[in-house]
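> mind looking at a prediction? Sequence and model below.
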Amino acid sequence: MDKNHQIEKEVQKTIELLDNIKNVQPNPFLYTRIKAGIENGGKKTSWTTNRSFIDFVRPVFFGLLILINLYSLFVFLQDEGENYATREQYIDTLILEYSPGSTSEYLDNFKNKE
């Protein structure tokens, strides 16, 4: 019996909350935009034309960006000419510099200046 009373009380609280909800005011120009869209008959405006162009260019741009990155990675890893030893030293330096247990020379120099 007490459980049913508790459930009824919770339902009543929920209904009271729904009664206190205020109406949301729409954008004042919403009606104007809807009316203009109906009058145009679905014709594309300059904004929708530009938007579709942007939607087309965006994936093409990112695809080209990925291809350029893959090409540069391929060239970087395949070239074993004069710069190969320098590149290996550079990679070793980066590994040492950014490994979790290393200290940075910059921080060491900064501490020495103080």
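Structure's in. What do you need? Residues are numbered from 1 along each chain as shown.

> switch to C-alpha atoms for all contacts and neighbour counts from now on
Noted.

> the helix or strand that contains residue 55: what's the following helix or strand?
Using DSSP states H and E, residue 55 maps to helix 46-78. As assigned by DSSP H and E, the chain's next helix or strand after helix 46-78 is helix 84-98.

> rewinding a little: and the helix holding residue 55, how far out from the chain's middle?
Distance, stretch centre to chain centre, for helix 46-78: 16 Å (Cα atoms, centre = their mean, to the nearest Å).

> and residue 11, what does it touch?
With contact set as Cα atoms under 8 Å, 6 or more residues apart in numbering, residue 11 has no partners.

> separation between it and residue 22?
According to Cα to Cα, to the nearest Å, residue 11 stands 20 Å off from residue 22.

> do residue 92 as well
64 Å.

> the two - which one has more neighbours?
residue 92 (11 against 7; other Cα atoms under 10 Å).

> domains for this structure, by residue range?
For the chain, automatic domain parsing gives the domain ranges 30-78, 82-114.

> for the chain, which spans come out with low pLDDT?
Flagging of the chain using pLDDT under 70 yields the residue ranges 1, 42-50, 79-85, 101-114.

> rewinding a little: so for the helix holding residue 55, what gets flagged as buried?
With burial defined by 16 or more other Cα atoms under 10 Å, not one residue of helix 46-78 is counted as buried.

> tell me the angle of that helix relative to helix 84-98?
Counting by axes from the mean of the first three to the mean of the last three Cα atoms, to 10 degrees, helix 46-78 lies at 110 degrees to helix 84-98.

> the helix or strand harbouring residue 4: how far from the chain's middle?
Secondary structure from DSSP H and E places residue 4 in helix 2-19. Put simply, helix 2-19 sits 42 Å off its chain's centre (Cα atoms, centre = their mean).

> so what's the residue count around residue 31?
If you count neighbours by other Cα under 10 Å, residue 31 ends up with 11.

> what's the answer for residue 21, then?
8.

> distance of it from residue 2?
Noted for residue 21: a distance of 29 Å to residue 2, by Cα to Cα.

> go on, residue 99?
According to Cα to Cα, residue 99 stands 64 Å off from residue 2.

> between these two, who's got more neighbours?
Just comparing residue 99 and residue 2: by other Cα under 10 Å the higher neighbour count belongs to residue 99, 10 against 7.
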